[in-house]
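Chemist: I'll drop the sequence and a predicted model, then ask my questions.
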2 protein chains.
Amino acid sequence: MSDRHDSPVQMPVFEYAACTATLRRRILGNNPLFSDLQEGDIKEVNRRFSSQSFDQGETVIRAGQRAERFYILATGAAKLIQPQESGRMVLHDILSTGDYFGAIFGFGYGPGEYGETVITDSPMCSISIDSRAFRSILTDYPKVALRAVDAFSNRLSLAYEMLGRLGSSSVESRIAFVLLRLAAKLGRPWEGKTLIHAPLTREDIASMAATSTESCSRVMSDLRKRGLIDAGRRWVAIVDPPGLEELLS
Amino acid sequence: MSDRHDSPVQMPVFEYAACTATLRRRILGNNPLFSDLQEGDIKEVNRRFSSQSFDQGETVIRAGQRAERFYILATGAAKLIQPQESGRMVLHDILSTGDYFGAIFGFGYGPGEYGETVITDSPMCSISIDSRAFRSILTDYPKVALRAVDAFSNRLSLAYEMLGRLGSSSVESRIAFVLLRLAAKLGRPWEGKTLIHAPLTREDIASMAATSTESCSRVMSDLRKRGLIDAGRRWVAIVDPPGLEELLS
DNA sequence: CGTGGTCTTGAAGCACCTCAAGTTCGGTGG
DNA sequence: CCACCGAACTTGAGGTGCTTCAAGACCACG
């Protein structure tokens, strides 16, 4: 093949970062959830969180387990996965710094179980808090609760948008959408392109776009030949964002 | 055709209810959002809401408009619709008493536009509040904010479940899921069946299940012949819930 | 230098969509 | 009260985008 992608670009490196106290403070301070808080309040909130670190491939929480903790991802990346009854796994999102997961439901509401599984994609470090303690933070600091509402409604509208696209467009358009979404969230400039900073397999992308690995591979090969994206083993970069956007049916 | 569905069952009637002051109070009092509030607080909250009524087929809010109000549906039913760039309309939900819609985003967040269109399915009455005033309610009454977080996270997990099913199952299974979901939300006992209390066309159901009207019609005819559901013009009833559940791949 | 996971490519089959026509029914006006 | 009209629904037939199955190539890793 002539235009085979030759130089296997330098893979994005996922540095291992210890969950130091300073890192914790920084994560909390930068998180939109707590951006309305005073310095002293953040210190107080920080005390209620604990931190933990994981190797690549570890399961942080598992769907079906009792939902006891609320997590904020500090460094690294993780997959947000929904297991289907059929056994198939659906990938909903790649979580990165500042993203939330875990227990977020009320006690009376729902069965009190995690709805999704989270598996690390790299060495990862997170901070977490008992869900009851988190709820008391929300009542102690109403502005945090307001931010939480915002965060959820944002994620909800994203889910709704994806739902709309899933039903009414081609595989190519869905993949383009997934790639643009990931690039917006995880993109880093690299050789004039936008590298999606996460180890993404074709299967991952296929799962997010609700298609098969093979179809995903075919479409992405085509996109590469057309100069819209660049991709190799476990990595993807966007070359021509406007061109990709035109594909969103 | 032999087993043609003969007697066009008495259509569910959507009574017109005026947005009286007592109704308003009742809606607020029964809504989980305010269930932690004292009698006096509810009275105070009630004062900040206004009410409005609509005829069938009216557009309450339109996607793209400036998001200025937060709504709670009081009586009647409405469609939550997402317009696609392609012109296609995707039906996300049938809203009924107690459901929220409208402005729910933070001011810094997002473009401050409604993301969806809401069109009444029957005469409808709703109460609403300026989104800034609603946000100050959330900060004034932290427990309400907590309930809001719960409500959104519930809707989010529902959306995620639907996302998972859309990609990985057959049209039949998707339609079964949509029908069960609607029945859980809008079902009313009727002649030993569970009537979905809303005027649903095949097109509506097809849109929710991300399929074509024709495929939806075919599948539903089949389900009827197998005795799992019953259906006519603009109505559906579940006959055999366990039977339907078996179809969820 | 082998081994396994990742990715590609081909070919066959099918579930679903689209197009098209016809039927049924609820509503409306004569 | 009946005849008509249009919306909702059904059914058929054909085409196809996608999945599935299968095999091979590539590359990172030990």
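Modeler: Good, I have the coordinates. Residues are numbered from 1 along each chain as shown, chains lettered A, B, ... in the order given.
Chemist: mind checking how far the closest residue to residue A:102 other than its chain neighbours is from chain B?
Modeler: Closest residue to residue A:102 apart from its sequence neighbours, by CB to CB, 6 or more residues apart in numbering or on different chains: residue A:71 at 4.2 Å. Heads up, the C-betas are built off the backbone N, CA and C, glycines and all. Counting by CB to the nearest CB, to the nearest Å, the separation of residue A:71 from chain B is 14 Å.
Chemist: And residue A:71, which helix or strand is it part of?
Modeler: strand A:69-75 (DSSP states H and E).
Chemist: average model confidence for that strand?
Modeler: Averaging pLDDT along strand A:69-75 gives 93.
Chemist: and it, what does it pack onto?
Modeler: Contacts defined by 3 or more CB pairs under 8 Å, 6 or more residues apart in numbering or on different chains; DSSP states H and E place strand A:69-75 against helix A:21-30, strand A:59-61, strand A:100-102, strand A:124-130, helix A:131-140.
Chemist: and these, which is most packed in?
Modeler: strand A:124-130 (a mean of 23; mean count of other CB atoms under 10 Å in any protein chain shown).
Chemist: for that strand, packing partners?
Modeler: By 3+ CB pairs under 8 Å, 6+ apart, strand A:124-130 packs against helix A:21-30, strand A:50-54, strand A:69-75.
Chemist: Report the buried residues of the helix or strand containing residue A:221.
Modeler: Using DSSP H and E, residue A:221 maps to helix A:213-225. Neighbour-count burial for helix A:213-225 flags A:215-216, A:219-220, A:223-224 (criterion: 16 or more other CB atoms under 10 Å in any protein chain shown).
Chemist: can I get these in a markdown table with distance to DNA strand C and pLDDT?
Modeler: Converted to a markdown table, these look like this (distance: CB to the nearest atom of the strand, whole Å; pLDDT from 0 to 100):
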| residue | distance to DNA strand C | pLDDT |
| --- | --- | --- |
| A:215 | 8 | 98 |
| A:216 | 7 | 98 |
| A:219 | 9 | 98 |
| A:220 | 5 | 98 |
| A:223 | 10 | 97 |
| A:224 | 7 | 96 |
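Chemist: So which of the residues you listed is the closest to residue B:154?
Modeler: Nearest to residue B:154, judged by CB to CB, of those is residue A:216 at 31.4 Å.
Chemist: residue contacts, the closest one?
Modeler: A:171, A:175, A:202-203, A:205-206, A:209 (CB atoms under 8 Å, 6 or more residues apart in numbering or on different chains).
Chemist: Buried ones only from those residues, please, as a PyMOL command.
Modeler: Of those, the buried ones go into a single PyMOL selection, burial set by 16+ other CB under 10 Å:
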select buried, chain A and resi 171+175+202+205+206+209
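Chemist: Same list, the contacts of residue A:216, but only the ones touching DNA strand C.
Modeler: Among those, the ones lying near DNA strand C by CB under 7 Å from any atom of the strand are A:202-203.
Chemist: and the two most separated of the contacts of residue A:216?
Modeler: A:171 and A:203 (14.4 Å).
Chemist: Up against DNA strand C, what does chain A have?
Modeler: Residues of chain A found near DNA strand C (CB under 7 Å from any atom of the strand) are A:1, A:201-203, A:213-214, A:217-218, A:220-221, A:224, A:231, A:233-234.
Chemist: Over to residue A:149. Which of the three states is it?
Modeler: State at residue A:149, reduced to three classes by DSSP: H, G, I helix; E, B strand; the rest coil: helix.
Chemist: neighbours of it, just the number please.
Modeler: Residue A:149: 24 surrounding residues under other CB atoms under 10 Å in any protein chain shown.
Chemist: Skipping its backbone neighbours, what lies nearest it in space?
Modeler: That would be residue B:148: by CB to CB, 6+ apart, it lies 5.0 Å from residue A:149.
Chemist: Where does pLDDT dip in chain A?
Modeler: Low-confidence segments of chain A (pLDDT under 70): A:1-18, A:105-111.
Chemist: So it: which segments form each domain?
Modeler: Using automatic domain parsing, the domain ranges for chain A come out as A:21-164, A:170-245.
Chemist: closest to DNA strand D out of the ones you listed?
Modeler: domain A:170-245 (3.0 Å; CB to the nearest atom of the strand).
Chemist: Is residue A:137 in contact with residue A:131, as I believe?
Modeler: No - Residue A:137 is beyond contact range of residue A:131, at 10.5 Å (criterion: CB atoms under 8 Å).
Chemist: As TSV, the domains of chain A with distance to DNA strand D would be great.
Modeler: TSV is the format used below for the domains of chain A (distance: least, CB to the nearest atom of the strand, whole Å):
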stretch	distance to DNA strand D
domain A:21-164	9
domain A:170-245	3
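Chemist: between those domains, which gets nearest to residue B:33?
Modeler: So among the domains of chain A, domain A:21-164 is nearest, using CB to CB, at 11.1 Å.
Chemist: That closest one: end-to-end distance?
Modeler: Its first and final residues considered, domain A:21-164 spans 42 Å by CA to CA, to the nearest Å.
Chemist: do the same with stretch A:49-57
Modeler: 24 Å.
Chemist: Out of the helices and strands packed on strand A:69-75, which gets nearest to residue B:159?
Modeler: Closest among the helices and strands packed on strand A:69-75, using CB to CB: strand A:100-102, at 15.5 Å.
Chemist: who does the closest one touch, helix- and strand-wise?
Modeler: Here strand A:100-102 touches strand A:59-61, strand A:69-75, going by 3+ CB pairs under 8 Å, 6+ apart.
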